[in-house]
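Peer 1: attaching a predicted model along with its sequence, questions to come.
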Amino acid sequence: MCRSWLAAEIKKAITDIAGKDLFDVLTDYVIFGQFVFYLLAVAALFVLRVRRPDLPRPYKTFGYPWLPLVFVLGSLGFLFGMFGPAPWNRWSDWRSSAWA
């Protein structure tokens, strides 16, 4: 059961990548990697404030802790959203099936 599910997901991922232009695939990977490191940089702010509260702060983070928290949650949503199909693809699939 698990192997067939995994094999089907891998096959779907390869088929999806093969159906896209190379530039689209590369930009998807670059943007994903970029946002992972943006997320880690902002999350490190929380870790640093907890572990080393005595360090001097030459720059105060605007909106701390709420604005960085919103960014972390939004980035997580963005990264998980990259794994699913694009909303415009789902919308066009729904429209074509509704009118067929």
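Peer 2: Yep, it's here.
Peer 1: so where is this protein shaky, pLDDT-wise?
Peer 2: Scanning the chain for pLDDT under 70 picks out 1-3, 84-100.
Peer 1: contacts for stretch 31-45?
Peer 2: By CB atoms under 8 Å, 6 or more residues apart in numbering, the list of residues contacting stretch 31-45 from outside reads T61, Y64, P68, F71, V72, S75, L76, F78, L79, M82. Backbone N, C-alpha and C define where each C-beta goes, glycine included.
Peer 1: just how off-centre is the helix or strand where R49 lies within its chain?
Peer 2: Assigned by DSSP states H and E, R49 falls within helix 22-51. Relative to its chain's centre, helix 22-51 lies at 9 Å (CA atoms, centre = their mean, to the nearest Å).
Peer 1: swap in stretch 62-78?
Peer 2: The answer for stretch 62-78 is 13 Å, by CA atoms, centre = their mean.
Peer 1: how about that stretch: buried residues?
Peer 2: Neighbour counts over stretch 62-78 (16 or more other CB atoms under 10 Å) mark P68, F71, V72, S75 as buried.
Peer 1: again, but for stretch 38-55
Peer 2: For stretch 38-55, by 16+ other CB under 10 Å, it's L39, V42, A43, L45.
Peer 1: I'd like to know how far the first one sits from D54.
Peer 2: Just to be clear, that refers to L39. Using CB to CB, to the nearest Å, L39 is found at 26 Å from D54.
Peer 1: so how far is R52 from the residue nearest the centre of the chain?
Peer 2: Nearest residue to the geometric centre of the chain (CA atoms, centre = their mean): L79, 0.8 Å. Per CB to CB, L79 is found 27 Å from R52.
Peer 1: re earlier: any chance of the buried residues of stretch 38-55 in JSON lines, with distance to I17 too?
Peer 2: Output for those, formatted as JSON lines (distance: CB to CB, whole Å):
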{"residue": "L39", "distance to I17": "24"}
{"residue": "V42", "distance to I17": "29"}
{"residue": "A43", "distance to I17": "29"}
{"residue": "L45", "distance to I17": "34"}
